[in-house]
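**Student:** pasting the sequence and the predicted coordinates here, then a few questions.
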Amino acid sequence: MKTFNIFFFLIIINFSCGVYSFTGASISPEIKTVSIETYFNNSPLGPSNMSILFTEKLKDYFQKNTSLVLVESDGDLQLEGAIDDFSTSPIAPTADGGKNSQYFTGLTRLTIRVSSTYFNTRDDQFNYENKSFSFYKDFDQNTEELSSNEQEFMDEIFDQIILDIFNSSVANW
């Protein structure tokens, strides 16, 4: 019986249409390539290499989670966009200073917003233009400096934004 179950499972895998993967991507078998243009940094703040870091992380994610071949231009799937915002804002005020009570920020939020455009040259049903994706990281400025933790914070934020872009494009979520 156990041999039959394994055999049945292998048959199902071999004859499946190949459209679904364990990453949630539902990519038609006729789609073979993806092109990802550099996401330009349109934000007035943030590190100068943020554009390259984001674009390379996005390319790596697609290569690791799909069987698509990355091409420079005119892929079956095409992604492009821009980093529109890199900003910090206070989110949790604290009172400090004893008698001379001044209000300070207990938590600060770093937010990055990216706009993305997605084209599927084989099926335009899920295409989108300038769709906005954003995520944030909260940190305590008293214990974590933005300047010394900026790369770590950006990586965490980029990971979530890239997952959202992936899900919105090839996973159709």
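**Tutor:** Ah, there it is.
**Student:** the helices in this structure, which residues?
**Tutor:** 2-15, 50-65, 146-169 (DSSP state H).
**Student:** adding mean pLDDT and distance to Ile112, write those helices out as JSON lines.
**Tutor:** In short, each C-beta sits where N, CA and C put it, glycine included. Below are the helices of the chain laid out as JSON lines (pLDDT from 0 to 100; distance: least, C-beta to C-beta, whole Å):
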{"stretch": "helix 2-15", "mean pLDDT": "48", "distance to Ile112": "39"}
{"stretch": "helix 50-65", "mean pLDDT": "97", "distance to Ile112": "8"}
{"stretch": "helix 146-169", "mean pLDDT": "96", "distance to Ile112": "5"}
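**Student:** got CSV for those helices, with distance to Ser89 too?
**Tutor:** Formatted as CSV, the helices of the chain follow (distance: least, C-beta to C-beta, whole Å):
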stretch, distance to Ser89
helix 2-15, 49
helix 50-65, 18
helix 146-169, 12
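**Student:** mind putting those helices into CSV with distance to Ser26 and mean neighbour count?
**Tutor:** Conversion of the helices of the chain to CSV gives the following (distance: least, C-beta to C-beta, whole Å; neighbours: other C-beta atoms under 10 Å):
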stretch, distance to Ser26, mean neighbour count
helix 2-15, 17, 9
helix 50-65, 12, 17
helix 146-169, 11, 16
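**Student:** and those helices: which comes nearest Phe133?
**Tutor:** Taking C-beta to C-beta, helix 146-169 is the member of those nearest to Phe133, at 4.8 Å.
**Student:** for Glu129, which non-adjacent residue is closest in space?
**Tutor:** Thr117 (4.8 Å; C-beta to C-beta, 6 or more residues apart in numbering).
**Student:** kindly report the same for Glu37.
**Tutor:** For Glu37, the spatially nearest residue (C-beta to C-beta, 6+ apart) is Glu80, at 3.8 Å.
**Student:** any idea of the pLDDT on that neighbour?
**Tutor:** With respect to pLDDT, Glu80 scores 98.
**Student:** measure the spatially most central residue of the chain to Leu53 for me?
**Tutor:** Centroid check for the chain by C-alpha atoms, centre = their mean gives Ile162 as the closest residue, at 0.9 Å. From Ile162 across to Leu53, the span is 11 Å (C-beta to C-beta, to the nearest Å).
**Student:** then Pro93?
**Tutor:** Remark: distance between Pro93 and Leu53 (C-beta to C-beta) = 32 Å.
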